[in-house]
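Q: the amino acid sequence is not available; the structure is as follows:
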């Protein structure tokens, strides 16, 4: 009886290992397929939102994020196969938590930044996507004695990084 349960356990373990290897054999890291362009121009983000001076960090983080892809090269617009335009259209703040004992003073805020993105093939004029809505959020924590302005200022780079990552995912994914 003991030998039978050992054999059964060994067979089950081997079966699970084999099914795990087979199910993961087709997985690929990165884009789902080859992109129809190899070079990309990323224009400076245009800011139509109420977020002050956020276009520079969003543009910089977006370019860094796309460079990390490896299968994409950033270039000047005249040399690029495609162009990505980003317009920051909305910036929203909402109270996430209030101070204990004083519900009028916020302890943290949720910041939401929304962009419309357009990706166009420079060679044919084909629009891959137009005004695609992409957004990201971060929580700004007001520390003891700090103002909301200081907490917001410290959170904007994280918000820009998250939005850039979301935009990059839209660019490299299958449309």
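A: Yep, that arrived. Just so we're clear, the structure is a prediction, and the values are computed from it rather than from any experiment.
Q: could you use CA atoms for every contact and neighbour count after this?
A: Will do.
Q: and the helices in the protein?
A: Assigned by DSSP state H, the helices in the chain fall at 2-24, 55-67, 148-172.
Q: how about those helices, which one is nearest residue 37?
A: helix 148-172 (10.1 Å; Cα to Cα).
Q: list the buried residues for that closest one?
A: 148, 151-152, 155-172 (16 or more other Cα atoms under 10 Å).
Q: packing partners for that helix?
A: The helices and strands touching helix 148-172, judged by 3 or more Cα pairs under 8 Å, 6 or more residues apart in numbering; DSSP states H and E, are helix 55-67, strand 102-121, strand 127-141.
Q: distance to residue 81, mean neighbour count and mean pLDDT for those - can I get that in TSV?
A: Listed next are the helices and strands packed on helix 148-172 as TSV, based on distance: least, Cα to Cα, whole Å; neighbours: other Cα atoms under 10 Å; pLDDT from 0 to 100:
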stretch	distance to residue 81	mean neighbour count	mean pLDDT
helix 55-67	15	19	96
strand 102-121	6	18	89
strand 127-141	12	17	96
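Q: got those as TSV, with distance to residue 44 columns?
A: Below are the helices and strands packed on helix 148-172 laid out as TSV (distance: least, Cα to Cα, whole Å):
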stretch	distance to residue 44
helix 55-67	6
strand 102-121	12
strand 127-141	16
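Q: nearest to residue 79, out of these?
A: Closest approach to residue 79 among these is made by strand 102-121 (11.8 Å; Cα to Cα).
Q: pLDDT score assigned to residue 44?
A: In this prediction, residue 44 carries a pLDDT score of 97.
Q: spatially nearest residue to it (excluding sequence neighbours)?
A: residue 59 (5.7 Å; Cα to Cα, 6 or more residues apart in numbering).
Q: what's near enough to touch the one you found?
A: By Cα atoms under 8 Å, 6 or more residues apart in numbering, the residues touching residue 59 are 42-45, 164.
Q: how close does it get to residue 108?
A: The gap separating residue 59 from residue 108 is 26 Å, by Cα to Cα, to the nearest Å.
Q: count of neighbours near residue 124?
A: Look at residue 124: counted by other Cα atoms under 10 Å, it has 9 neighbours.
Q: how close does residue 63 get to residue 45?
A: Relative to residue 45, and taking Cα to Cα, residue 63 is found at 11 Å.
Q: go ahead and confirm residue 74 touches residue 67.
A: Yes: Residue 74 lies in contact with residue 67 (Cα atoms under 8 Å); the separation is 7.0 Å.
Q: name the residues that touch stretch 71-90?
A: 37-51, 55, 63, 66-67, 112-123.
Q: let's see it at 7 Å
A: With Cα atoms under 7 Å, 6 or more residues apart in numbering as the test, stretch 71-90 has contacts from 37-43, 45-50, 67, 113-123.
Q: what does stretch 125-140 give?
A: Contacts to stretch 125-140, defined as Cα under 7 Å, 6+ apart, come from residues 108-121, 151-152, 155, 159, 162-163, 166-167.
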